[in-house]
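Chemist: Dropping a prediction and its sequence here:
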Amino acid sequence: MEPTYMRLILFCCVAFLLSAPTLCVAQNQAGSNAEAVRVEAQPGKGFDYSYYLYAPTELREGDGKHAKATILVVPNNTGTLDDDFSVHDAAARRLAGDLRRLASQLKVALLVPAFPRPKSDWTIYTHALDRDSLLTEKREYRRFDLQLMRMIDDARARLGREGLRADRRVLMLGFSAAGMFTNRFAFLHPERVKAAAAGSPGGWAIAPVETWEGQPLRYPVGVADFKAVSGGALDLEALRRVPLFLFLGGDDENDSVIYRDSYEKEDEDLILALFGRTLQGRWAFTKTVYGEKLPEAMLKMYPGVGHTISPAMWADIKEFFQSRLRD
């Protein structure tokens, strides 16, 4: 049985941390009270589900109104399976509400998709952008990475009608399943990512190599069959230019590798045999291979932290994004 209770606890922890006073700065009253706008699904434009868009007042004040705007994308992670789309939509709306302060602090627009995660097709882990979600023939669950790009373009057009020029490259932030989505999206579409922060990405960050010790590493373990799965070759040169921040708690034990909704048995066996049986044990390999292949990547482990985003992590996330916004 998958640890859905852990993911539900995670969602609550994220909501609490994002609303914690110590993580926030003073802001305009109108900005703090404004709600994220729900944008309805538009299949004709390439996205079959709704998303939430928030543009803080800081984007329209002072120097902000003359600068190119950046969108922060946070993939939704409901924390449980449900065939009722309203459950996932409501969770995405709450997440967008909790993240408004972060958007105001960074002076960026915020986009949270409301993608479903089915119970009836539980092996298709849409919120993690897993192998099944890229290969399934079921249109309603397939290629949410492509649908997210269409949402981003739609959001840019909406912001443009408000006089805000938005960069086509986005910031991305995700934790746990959403961290897996963020990590994998950056590999699939590096040309659309300005910087990405992925926390505890399921016990394994996708390796930017095709083989290790003579063993092929297929997606999402590595990129051996990247073209067959994604439909296009990995643009390693573009990926090398993307600033990545991967972070993990030293006491984190939430390991998706051992669950069949996240990885197939052959992938689990390969990861455990080649890279170690714990998240922390595998971290050394990830740090080494990312350091060799992706020079803009930064990896950090936080001692004493479990499967949550600690205040120290939040401080580093914000500094990471702020430094990239200044570039």
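Modeler: Looks like it came in fine.

Chemist: how about F185, what does it touch?
Modeler: P75, L129, D145, L148, M172, V193, A196 (Cβ atoms under 8 Å, 6 or more residues apart in numbering). Bear in mind the C-beta positions are built from the backbone N, C-alpha and C, glycine included.

Chemist: so how far is A90 from it?
Modeler: Separation of F185 from A90 (Cβ to Cβ, to the nearest Å): 23 Å.

Chemist: go on, D84?
Modeler: Separation of D84 from A90 (Cβ to Cβ) stands at 10 Å.

Chemist: So for the two, which sits in the more crowded spot?
Modeler: A90 (13 against 10; other Cβ atoms under 10 Å).

Chemist: did I read that right, that one in a helix?
Modeler: Yes. Looking at A90 with DSSP: H, G, I helix; E, B strand; the rest coil, it is inside a helix.

Chemist: Distance check, it against Y52.
Modeler: For A90 relative to Y52 (Cβ to Cβ), the value is 11 Å.

Chemist: Please apply the same query to F226.
Modeler: Remark: distance between F226 and Y52 (Cβ to Cβ) = 31 Å.

Chemist: okay, these two: which has more neighbours?
Modeler: Per other Cβ under 10 Å, whichever of F226 and Y52 has more neighbours is Y52, with 26 against 22.

Chemist: Bridging across strands, which residues link to that one?
Modeler: R38, V112 (DSSP bridges).

Chemist: Can you verify my assumption that it contacts A92?
Modeler: Yes. Shown here, Y52 and A92 form a contact pair, counting by Cβ atoms under 8 Å, at 5.9 Å.

Chemist: any shared contact partners between the two?
Modeler: Common neighbours of Y52 and A92 (Cβ under 8 Å, 6+ apart) are V112, P113, A114.

Chemist: how much space is there between the first one and L217?
Modeler: Plainly put, V112 is 31 Å away from L217 if you go by Cβ to Cβ.

Chemist: Comparing these two, which residue is more hemmed in?
Modeler: Legend: neighbour count by other Cβ under 10 Å for V112 and L217, higher for V112 (27 against 23).

Chemist: How many neighbouring residues does R168 have?
Modeler: Neighbours of R168 under the rule other Cβ under 10 Å: 13.

Chemist: Now for it: which residues touch it?
Modeler: Counted by Cβ under 8 Å, 6+ apart, R168 has contacts I152, D153, R156, R192.

Chemist: which residues touch the closest residue to the third one other than its chain neighbours?
Modeler: It refers to R156. Distance criterion Cβ to Cβ, 6 or more residues apart in numbering; nearest residue to R156, sequence neighbours excluded, is A166 at 4.2 Å. By Cβ under 8 Å, 6+ apart, the contact set of A166 is K68, A69, T70, I71, A109, A155, R156, L159, G160.

Chemist: for D251, phi and psi?
Modeler: Dihedral pair for D251: phi -110, psi 10, per degrees, to the nearest 10.

Chemist: measure it to T288 for me?
Modeler: 22 Å.

Chemist: The two - which one has more neighbours?
Modeler: For the pair D251 and T288, the greater number of neighbours falls to D251 (14 against 11), based on other Cβ under 10 Å.
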